[in-house]
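K.L.:
requesting a structural model of the entry that follows:
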Amino acid sequence: MSKNKEFPPQDQEQPGDEFKMNPEPEIIRDNYKGSGKLEGKAVLITGGDSGIGRSVAVHFAREGADIGIVYLDEEEDAQKTKELVKKEGKECLLIHGDLKEEDFCKELVEIFIGHFEKLDILVNNAAMQFPKGEVEDISSSQFRKTFDTNLYPYFYIVKKALDHLKKGGVIINTTSVTAYRGSEHLLDYSSTKGAIVSFTRSLSKMLVDKNIRVNAVAPGPIWTPLIPSTFNDISDFGKKVPMGRAGQPSEVGPAYVFLASEDSSYITGQVIHVNGGEIIGS
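P.N.:
Down below sits the predicted model:
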């Protein structure tokens, strides 16, 4: 892909709507060929209505999986994702609710199991961010909300999902490059993403004897609804990485395919960095 031009100004409220974005993100490359890597699998994806979650849903569907996606309020985006999954010849179950509520996190797993009768792959992906340039500008309620949204649901859902994930099951968590390099305007967000790295590593050790693999993906600047809905100036978004441009969801989805498939059968407790060339420590 060529380097992007400046993104035009656009006004959205969080969590943002993909159908309003300019330009529209690329979800999957036209030349991406599925090869049945996930044939017959049932996959649950939080935040699957748009952005990286939508890309994961469509890539997994092209690889043969049936999909369940969890979303908050983005009905139009969720319906579009369902349409894209069905276009791949697979089923897509929409589950609407607030992941900050522990009871809903338990319920959504039961809804998924009630429909598909099994759970093979769990993708924890939903997140929010509230940019602030000064510590003093971050309220306690904002800090708590960021953790309640970005981290606690991973625990709630995993705990319930383990009633159904069997030998060979896979959990993939979405962290961020900010977990490794930090962010001067995303203190609470990057803190949750750092916690997700530790959560992934520790959980992988807890579940290795059950033959359930746990890994993560750490995206860099990717063009998703989170960007125009949280930043006022996006004209130079993504230009500071070595590749000099923002990434597209289509460039992140294949990393999840790899971690979900048998191609990564000897990998657990690891993080794949899809970040435009930033060199970071482990």
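K.L.:
contacts and neighbour counts: CA atoms only from here.
P.N.:
Will do.
K.L.:
run the chain-centre distance for the helix or strand harbouring residue 122.
P.N.:
Taking DSSP states H and E as the criterion, residue 122 maps to strand 121-124. With C-alpha atoms, centre = their mean, to the nearest Å as the basis, strand 121-124 stands 9 Å off its chain's centre.
K.L.:
any idea of the mean pLDDT for it?
P.N.:
Across strand 121-124, the average pLDDT comes to 98.
K.L.:
what pairs with that strand, parallel or antiparallel?
P.N.:
Partners of strand 121-124 in the sheet, by DSSP bridges, are strand 42-46 (parallel), strand 170-174 (parallel).
K.L.:
pull the residues that contact that strand.
P.N.:
41-47, 154, 161, 165, 169-174, 260 (C-alpha atoms under 8 Å, 6 or more residues apart in numbering).
K.L.:
in CSV: the strands paired with strand 121-124, plus mean pLDDT, mean neighbour count and distance to residue 113.
P.N.:
Rendered in CSV, the data for the strands paired with strand 121-124 read as follows (pLDDT from 0 to 100; neighbours: other C-alpha atoms under 10 Å; distance: least, C-alpha to C-alpha, whole Å):
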stretch, mean pLDDT, mean neighbour count, distance to residue 113
strand 42-46, 98, 25, 9
strand 170-174, 98, 25, 16
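K.L.:
closest one to residue 54 among the ones you listed?
P.N.:
Ranking those by proximity to residue 54 (C-alpha to C-alpha) places strand 42-46 first, at 8.8 Å.
K.L.:
kindly export the closest one (C-alpha atoms) in PDB.
P.N.:
In PDB, the C-alpha atoms belonging to strand 42-46 read as follows (Å, rounded to 0.1, in the frame of the first residue of the first chain):
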ATOM      1  CA  ALA A  42     -17.200 -21.200  15.900                       C
ATOM      2  CA  VAL A  43     -15.600 -17.800  16.800                       C
ATOM      3  CA  LEU A  44     -16.700 -15.200  19.300                       C
ATOM      4  CA  ILE A  45     -15.300 -11.600  18.800                       C
ATOM      5  CA  THR A  46     -15.900  -8.700  21.000                       C
END
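K.L.:
ok, and what's touching that strand?
P.N.:
By C-alpha under 8 Å, 6+ apart, the residues outside strand 42-46 that reach it are 53, 57, 65-71, 112, 116, 118-126.
K.L.:
repeat that for stretch 128-141.
P.N.:
Contacts for stretch 128-141 (C-alpha under 8 Å, 6+ apart): 14-15, 142, 146, 149-150, 184-189, 226, 230-231.
K.L.:
any idea which of the residues you listed is the one closest to residue 206?
P.N.:
Checking the contacts of stretch 128-141 against residue 206 with C-alpha to C-alpha, the nearest one is residue 150 at 21.2 Å.
K.L.:
so how many other residues sit close to the closest one?
P.N.:
As a burial measure, residue 150 scores 26 neighbours (other C-alpha atoms under 10 Å).
K.L.:
give me the below-cutoff pLDDT ranges for the protein.
P.N.:
1-5, 281-282 (pLDDT under 70).
K.L.:
can you show me the helices along it?
P.N.:
Assigned by DSSP state H, the helices in the chain fall at 51-62, 75-87, 102-116, 140-150, 152-161, 178-181, 187-207, 226-230, 253-260.
K.L.:
and the angle for the fourth one with helix 187-207?
P.N.:
When you say that, I think you mean helix 140-150. Helix 140-150 runs at 40 degrees relative to helix 187-207, counting by axes from the mean of the first three to the mean of the last three C-alpha atoms, to 10 degrees.
K.L.:
got the buried residues for helix 140-150?
P.N.:
By 16 or more other C-alpha atoms under 10 Å, the buried positions in helix 140-150 come out as 143, 145, 146, 147, 148, 149, 150.
K.L.:
from these, pick the one nearest residue 99.
P.N.:
The shortest gap between residue 99 and any of the buried residues of helix 140-150 belongs to residue 149, at 6.5 Å (C-alpha to C-alpha).
K.L.:
count the neighbours of the residue nearest to that closest one when sequence neighbours are not counted for me.
P.N.:
Take residue 149 and drop its neighbours on the chain: the residue closest to it by C-alpha to C-alpha, 6 or more residues apart in numbering is residue 100, 5.3 Å away. Other residues near residue 100 come to 18 when the count uses other C-alpha under 10 Å.
K.L.:
phi, psi of the nearest residue to residue 7 once chain neighbours are set aside?
P.N.:
Leaving aside its chain neighbours, residue 7 sits nearest to residue 235 (4.9 Å; criterion: C-alpha to C-alpha, 6+ apart). Per-residue torsions, residue 235: phi -60, psi -30 (degrees, to the nearest 10).
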